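Engineer: next come a sequence and a model predicted from it.
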Amino acid sequence: MGRLVLIIRDELEEKFREAVFKRYGMKKGNLTKAIEEALELWITSGNKNTTRETHMRQRIYEGKKHG
């Protein structure tokens, strides 16, 4: 088993934990299960960068490239 240690915004963690609780209940292993699902989804979505931050970075990059 692999291990990841990460730091995320408090707000995101709270939202994620709440969503996991609503979907799976408060049972040992459910947080890991949900994180694995999220990682699989991210991997299988390919390079579809749809987040606002990614779009903003791309616009900045394009602006520098053309400006």
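Structural biologist: Done, it's in. Numbers count the residues shown, from 1 in each chain.

Engineer: poorly predicted segments of the chain, please.
Structural biologist: In the predicted model, the chain carries pLDDT under 70 at residues 47-51, 65-67.

Engineer: just give me the residue right at the centre of it.
Structural biologist: Note on the chain: the residue nearest the mean C-alpha position is Ala38, at 6.7 Å, using CA atoms, centre = their mean.

Engineer: which stretches of this protein form helices?
Structural biologist: 10-24, 30-44, 52-66 (DSSP state H).

Engineer: just put these in a markdown table and tack on distance to Met1.
Structural biologist: Where C-beta positions appear, they are placed from N, C-alpha and C, glycine not excepted. Shown next, in a markdown table, are the helices of the chain (distance: least, CB to CB, whole Å):
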| stretch | distance to Met1 |
| --- | --- |
| helix 10-24 | 19 |
| helix 30-44 | 9 |
| helix 52-66 | 30 |
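
Engineer: coming back round to it: ok, now which ones touch the residue nearest to the centre of the chain?
Structural biologist: Contacts of Ala38 were listed using CB atoms under 8 Å, 6 or more residues apart in numbering, and none were found.
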